[in-house]
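> Compute the structure for the input listed below.
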Amino acid sequence: MRPLAPALVALIALVASFNQARAEADEWGVSLGPSVLGVSESLPNAQADAQPDTQALRLFWGLEGRLRYGLDDFWQVGGSLDLGVASPHAAIGATALAEVHYVIDIVTWVPYVSFGFGMALRTSVPKAQAGAGAETALDLVLAFGGGLEYRPDRDYALGLSGRYMLVPTDLDRTDLAFQTGLNLTLFFE
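Numbering: from 1, shown residues only. This next block holds a predicted model:
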């Protein structure tokens with residue numbers, strides 16, 4: 001019986017931690033933190049000759065804010081707004097997304113997956129024709145991602161998130177889009 005005592009104590013502690021960190025329906029979460037939005041684009045050659053387009057990765061450094069609502073213990077709906085600036089020329093990049101999260105909230109570390117859709121705005125996007133200047137692009141975005149939150153208390157969490165974004169309205173020029181960020185989330189019932 002003595003060898004089973006440590007295993008029994010560990011099992012009781014594990015069950016207690018599951019009850020302590022349970023998710024709740026009707027819970028609101030507000031998040032804010034630094035983020036980076038990356039966009040890999042095909043840029044037209046500035047020369048008039050027949051050289052191929054070049055690839056460029058632009059990073060927009062900024063802030064992300066999120067609002068989400070718990071439908072039940074596993075599903076959340078919400079939205080996010082990400083706004084950043086890239087050098088040179090102070091180009092602006094922003095996304096506004098509506099998202100659904102599937103949360104695996106069983107312990108202090110809370111993983112989740114998400115999917116959503118929305119719009120992406122980029123300024124100083126080179127036009128398709130060489131030498132034609134720059135334009136602003138507003139495109140549809142489909143987002144797939146996830147994250148991990150450290151939630152030692154039911155009132156707040158620290159998290160890391162990331163998402164891959166498909167830009168179906170600009171497939172010929174945008175090869176890759178992604179967003180990643182750190183955030184502090186406050187929860188309200």
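> Counting by contacts, list what the helix or strand hosting residue 39 packs against.
For residue 39, the host element (DSSP states H and E) is strand 28-43. Using 3 or more Cβ pairs under 8 Å, 6 or more residues apart in numbering; DSSP states H and E as the contact criterion, the neighbours of strand 28-43 among helices and strands are strand 54-70, strand 75-86, strand 91-103, strand 109-126, strand 156-166, strand 174-188. For every residue, glycine as well, the C-beta is placed using N, CA and C.
> who does the strand ranked longest in the chain touch, helix- and strand-wise?
Counting by DSSP state E, the longest strand found in the chain is strand 134-153. Under the contact criterion of 3+ Cβ pairs under 8 Å, 6+ apart, the helices and strands touching strand 134-153 comprise strand 91-103, strand 109-126, strand 156-166, strand 174-188.
> so which of those comes closest to residue 135?
Closest of those to residue 135 is strand 109-126, at 5.5 Å (criterion: Cβ to Cβ).
> So in that sheet, which strands flank that closest one, and in what orientation?
Paired strands of strand 109-126, with direction, are strand 91-103 (antiparallel), strand 134-153 (antiparallel) (DSSP bridges).
> Just the buried residues of the last one, please?
By 16 or more other Cβ atoms under 10 Å, the buried positions in strand 134-153 come out as 137, 139, 141, 143, 145-147, 149, 151.
> Go through the strands paired with strand 109-126 and find the least confident stretch.
Note on the strands paired with strand 109-126: lowest mean pLDDT is at strand 134-153, with a mean of 91.
> Tell me the spacing between the closest residue to residue 112 other than its chain neighbours and residue 175.
Distances taken as Cβ to Cβ, 6 or more residues apart in numbering put residue 103 closest to residue 112, at 4.5 Å, once the chain neighbours are dropped. Distance, residue 103 to residue 175, using Cβ to Cβ, to the nearest Å: 31 Å.
> Same question for residue 76.
31 Å.
> what's the burial count for the residue nearest to residue 112?
20 (other Cβ atoms under 10 Å).
> Who are the contact partners of residue 34?
With Cβ atoms under 8 Å, 6 or more residues apart in numbering as the criterion, the residues that contact residue 34 are 61-64, 181-182.
> Give the full set of residues in contact with the closest residue to residue 32 other than its chain neighbours.
The shortest distance from residue 32 to any residue that is not its chain neighbour, by Cβ to Cβ, 6+ apart, is 5.2 Å, and that residue is residue 65. Applying Cβ under 8 Å, 6+ apart, one finds that residue 65 lies in contact with 30-32, 80-82.
> if you set the cut-off to 10 Å instead, what comes out?
For residue 65, the contact set (Cβ atoms under 10 Å, 6 or more residues apart in numbering) comprises 30-33, 35, 79-83, 183.
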